[in-house]
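J.: Build the 3D model from these lines:
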Amino acid sequence: MTAFEERLGTDLELLRNRRMQHDRDVGRDLVTAPEDPAGIDLATIDGAENIAQALLLRFLTAEGELSDLGHPRYGSRLSELIGEPNTETNRNLAKLHVLRALGQEPRVEEVLSARVSQSRADRSRVDIALELKIIAQDTPLNLVFPFSFDPVPQEGATP
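T.: The predicted structure follows:
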């Protein structure tokens with residue numbers, strides 16, 4: 001593992017598909033590694049994939065949800081927008097909530113760009129595109145996070 005990957009850390013792999021992270025099955029978050037002679041073990045993730053997962057989990061967690069665990073500021077306020085119309089004002093609020101959550105992540109040195117655009121396939125969904133400078137890394141991290149204003153994703157909607 002490189003020094004850069006060590007700085008980003010290693011964690012359990014919790015999101016099976018980071019491109020469709022909004023489509024999680026409750027209770028099926030833990031990913032198991034291929035079976036080894038000692039039995040099935042939990043899968044881990046490191047480097048850039050770890051920071052991407054960490055950011056997505058931060059966006060998916062309601063701010064204050066982990067207060068009882070000693071992390072009252074962890075998370076984002078994106079969940080407050082669920083059920084609201086997909087308007088320019090609410091897209092700007094989504095961007096604000098994401099930028100605020102990114103400000104809490106010590107591994108993000110700088111937000112190079114953040115764009116929120118309405119999805120062509122689903123009018124209730126937006127794509128939040130981020131370009132981030134990660135600590136001690138020259139190559140920016142690009143991350144696209146789909147967010148749906150609908151409380152329940154529409155059937156047949158392209159994620």
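J.: On the three-state scheme, the residue nearest to the spatial centre of the chain is what?
T.: Centroid-nearest residue in the chain, with C-alpha atoms, centre = their mean: residue 56, separated by 0.9 Å. Secondary structure for residue 56, judged by DSSP: H, G, I helix; E, B strand; the rest coil, is helix.
J.: any idea how far it is from residue 98?
T.: 11 Å (C-beta to C-beta, to the nearest Å). From N, CA and C alone the C-beta is placed, and that goes for glycine too.
J.: Are there residues contacting both of those two? Which ones?
T.: residue 145 (C-beta atoms under 8 Å, 6 or more residues apart in numbering).
J.: Need the pLDDT of the residue nearest to the centre of the chain.
T.: On pLDDT, residue 56 comes in at 90.
J.: Same check on the one 4 residues further on?
T.: According to the model's per-residue confidence, residue 60 sits at a pLDDT of 89.
J.: so what's residue 106 up against?
T.: Taking C-beta under 8 Å, 6+ apart, we find residue 106 in contact with residue 135.
J.: Read off the pLDDT value for it.
T.: Per-residue confidence at residue 106 stands at 91 (pLDDT).
J.: Could I get the full set of helices for this protein?
T.: 3-8, 47-60, 88-102 (DSSP state H).
J.: doesn't residue 75 make contact with residue 97?
T.: No: under the criterion of C-beta atoms under 8 Å, residue 97 makes no contact with residue 75, lying 9.7 Å away.
J.: Now the weakest link among the helices of the chain, please, by mean pLDDT.
T.: helix 3-8 (a mean of 58).
J.: Setting aside sequence neighbours, what's the nearest residue to residue 142?
T.: Nearest non-adjacent residue to residue 142, counting by C-beta to C-beta, 6 or more residues apart in numbering: residue 131, 5.5 Å away.
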